[in-house]
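Trainee: What follows is a predicted structure for the sequence shown.
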Amino acid sequence: MKKNIITLVLVCMALIHSVKAQQTEDLTLQGAKGKLAATLQTPKVEKGKKVRMVIICHGFGGDKERPLLRTIADKLQEAGIASIRFDFNGCGKSEGRFQDMTVLNEIEDAKKVIDYAQKLPWVSGISIVGHSQGGVVASMVAGQLKKSIKSVALCAPAAVLRDDVLRGNTQGATYDPHHIPEYVDLPRGLRMGHDYIATAQTLPIYETAKEYKGAVLVIHGTWDVVVPYTYGERYHQGYKNSRLILLPQVDHSFTSEEAQNKTATEITEFIKKH
């Protein structure tokens, strides 16, 4: 009897040590314009087993701690999928000035994070998720890296940003789009720089995005007044292999807990399949 108990204990200990516990840890990664603050979430998984990694990109002036992004990361972790969410340059806890941020250097930030993730020995493949401007970044990164990205999920992708800078009105702040100022002060206390406007005016958003031929999920709220859902529809129409989900009475930030959970669940199920 005693021998059987000892054997059982040894078996249990072996099983415990063969399973990697669920973890969340802070990282500091090199970005396009300095150090990037990031959070890595890994699932409970058997040692030696590889898992999918999802790179999560926040929106204009946002950060990695937005409720929607945290909910997505948590749902992925519960489903056995790892994620890295990070602050773009000039945002959150990352280095750099927000005034120096452009969509182009955010694309480079995302590529740096992807490069880091690809070198992790336990990662089987990379997917990318983006909200708002982060959706634009995610779509363009996928269009550039193509087969290096397994799948893409876009939440309220803000392709409207190019139309905004062409007409000289960003988030209610007006300016002359033909004579771009050094900077524009926005209502939220953010200062948008000259280079952001100049580069966004010629940004080939849809042209680059459609170069990606893998599976894409587009989720957009019908009550989004920041980025009308017609922009999500246009993304969907431009892809060869995409699914569009329109969420009734959901705003740009996916503010309600119900909307966040629904979106996170849809993304998780999508990535499990693709």
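Mentor: Sure thing, it's come through.

Trainee: Just to check, residue 83 is in contact with residue 71?
Mentor: No: in terms of C-beta atoms under 8 Å, residue 83 does not count as a neighbour of residue 71; the distance is 11.3 Å. To be clear about C-beta, it is placed using only N, CA and C from the backbone, and glycine gets the same treatment.

Trainee: Have a look at those two and say which one is more surrounded.
Mentor: Set residue 83 next to residue 71 and count neighbours by other C-beta atoms under 10 Å: residue 83 wins out with 26 against 20.

Trainee: can you pull up the bridge partners for that one?
Mentor: Beta-bridge pairing for residue 83 (DSSP bridges): residue 41, residue 54.

Trainee: what's near enough to touch it?
Mentor: Each residue near residue 83 by C-beta atoms under 8 Å, 6 or more residues apart in numbering is listed here: 40, 41, 53, 54, 55, 56, 72, 73, 76, 77.

Trainee: same check, this time on residue 214
Mentor: So residue 214 contacts 142, 146, 147, 149, 150, 151, 152, 241, 274 (C-beta under 8 Å, 6+ apart).

Trainee: Of those residues, which is the nearest to residue 253?
Mentor: residue 152 (20.4 Å; C-beta to C-beta).

Trainee: I'd guessed the closest one sits against residue 213; true?
Mentor: No: assessed by C-beta under 8 Å, residue 152 is found out of contact with residue 213, at 10.7 Å.

Trainee: Looking at these two, which one has more neighbours?
Mentor: Ranked by neighbour count (other C-beta under 10 Å), residue 152 and residue 213 place residue 152 first, with 30 against 13.

Trainee: Mind checking what secondary structure residue 105 has?
Mentor: What DSSP: H, G, I helix; E, B strand; the rest coil gives for residue 105 is helix.

Trainee: Check the burial of it by counting its neighbours.
Mentor: Close neighbours of residue 105, defined as other C-beta under 10 Å, add up to 20.

Trainee: Give me the pLDDT for it.
Mentor: With respect to pLDDT, residue 105 scores 97.

Trainee: what do you get for residue 150?
Mentor: At residue 150, the model reports a pLDDT of 98.

Trainee: Run through the residues that contact the closest residue to it other than its chain neighbours.
Mentor: Spatially, and ignoring its direct neighbours in sequence, residue 150 is nearest to residue 125 (4.3 Å; C-beta to C-beta, 6 or more residues apart in numbering). Shown in contact with residue 125 (C-beta under 8 Å, 6+ apart): 52, 53, 150.

Trainee: give me phi/psi at the first one?
Mentor: It stands for residue 52. phi -70, psi 150 (degrees, to the nearest 10).

Trainee: my guess is it meets residue 149, correct?
Mentor: No: the pair residue 52 / residue 149 is not scored as a contact, 11.3 Å apart, by C-beta under 8 Å.

Trainee: what touches both of the two?
Mentor: Listed as contacting both residue 52 and residue 149 by C-beta under 8 Å, 6+ apart are 126, 127.

Trainee: Lovely, talk soon.
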